[in-house]
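Trainee: Below are the sequence and a predicted model for it; my questions follow.
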Amino acid sequence: MKQPSSRSFPFEPNADQRAIATGLHATRNLLPLVARILLVAIFLLSGANKILHPADTQAYMAAFGMPLTWLFLPAAIVLELLGAMSVLLGIYPRLGAAALAFFTLLTGFIFHSNFGDPLEQVMFMKNLAMAGGLLLIVQYGVGNAVWRFRGR
C-alpha cells in the first residue's frame with residue numbers, strides 16, 4: 001500500500017488550482033497599485049481644481065462659514081497633492097494616508113453635514129468610505145509596488 005507523501009497531504013493541488021494560485025500571486029502587486037490610483041485620483045483632481053479656480057474655492061469655503069480661507073486654501077492644496085502623491089508613489093504612504101483620512105473626515109463634517117439633503121448624505125458617506133480606504137493603508141501599507149530610491 002502506497003503511503004501519502006508529505007507533499008500530497010492533506011491534498012495536492014490540481015492544474016486548475018495551481019493556475020488560480022499563480023494568477024492571484026501575479027496580481028498581488030498589481031491590485032494594490034490599481035487601488036491606490038483609484039483612491040488618490042479624487043485628491044489629485046481636487047487639488048488641481050483648487051489651483052485652477054482659487055476664487056471659486058475660497059467662495060465655497062466662505063459660504064460654509066470658514067474663516068481665513070486665504071490660509072486654508074493653500075494648506076488644502078498642499079495636503080491633497082502631497083498626500084495623494086505620497087500614497088501613489090509609496091513614499092511615506094502611511095503618513096500621507098493618515099493626513100488624507102483626517103482631511104477627508106474633517107471636510108465631510110464641515111461641507112457635507114446637512115443630512116436633511118439626500119445628496120449631502122451621499123457625499124458624507126463617500127467621504128467616510130474614502131477615509132476607510134485610507135485607514136486601511138495606514139494599517140496595512142501599500143504593497144510592494146512602490147517608488148524605490150537607489151543609492152550610488
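Mentor: Good, I have the coordinates. A quick note: this is a predicted structure, and the numbers were derived from the prediction, not measured.

Trainee: In contact with the closest residue to residue 127 other than its chain neighbours, which residues?
Mentor: Leaving aside its sequence neighbours, residue 127 sits nearest to residue 108 (CB to CB, 6 or more residues apart in numbering; 3.3 Å). Every C-beta, even on glycine, is put in place using the N, C-alpha and C of the backbone. Contact analysis of residue 108 by CB atoms under 8 Å, 6 or more residues apart in numbering lists 123, 124, 127, 128, 131.

Trainee: Residue ranges in the protein under the pLDDT threshold?
Mentor: Within the chain, the stretches with pLDDT under 70 are 1-27, 147-152.

Trainee: And the helices in it?
Mentor: Secondary structure of the chain (DSSP state H): helices located at 15-26, 30-52, 54-63, 69-89, 93-111, 118-140.

Trainee: Those helices into CSV, with extra columns for distance to residue 146?
Mentor: CSV is the format used below for the helices of the chain (distance: least, CB to CB, whole Å):
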stretch, distance to residue 146
helix 15-26, 18
helix 30-52, 9
helix 54-63, 31
helix 69-89, 7
helix 93-111, 7
helix 118-140, 12
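
Trainee: residue closest to the middle of this protein?
Mentor: residue 39 (3.8 Å; CA atoms, centre = their mean).

Trainee: For that one, give its distance to residue 70.
Mentor: Distance from residue 39 to residue 70, counting by CB to CB, to the nearest Å: 29 Å.

Trainee: isn't the residue nearest to the centre of the chain right next to residue 130, touching?
Mentor: Yes - assessed by CB atoms under 8 Å, residue 39 is found in contact with residue 130 at 7.0 Å.

Trainee: close enough to count as contact, residue 73 and residue 60?
Mentor: No - using CB under 8 Å, residue 73 is not in contact with residue 60; the gap is 9.9 Å.

Trainee: Between the two, which is the more surrounded one?
Mentor: residue 73 (19 against 15; other CB atoms under 10 Å).

Trainee: Now do the same contact list for the more buried one.
Mentor: Listed by CB under 8 Å, 6+ apart, the contact set of residue 73 reads 50, 54, 57, 58, 61.
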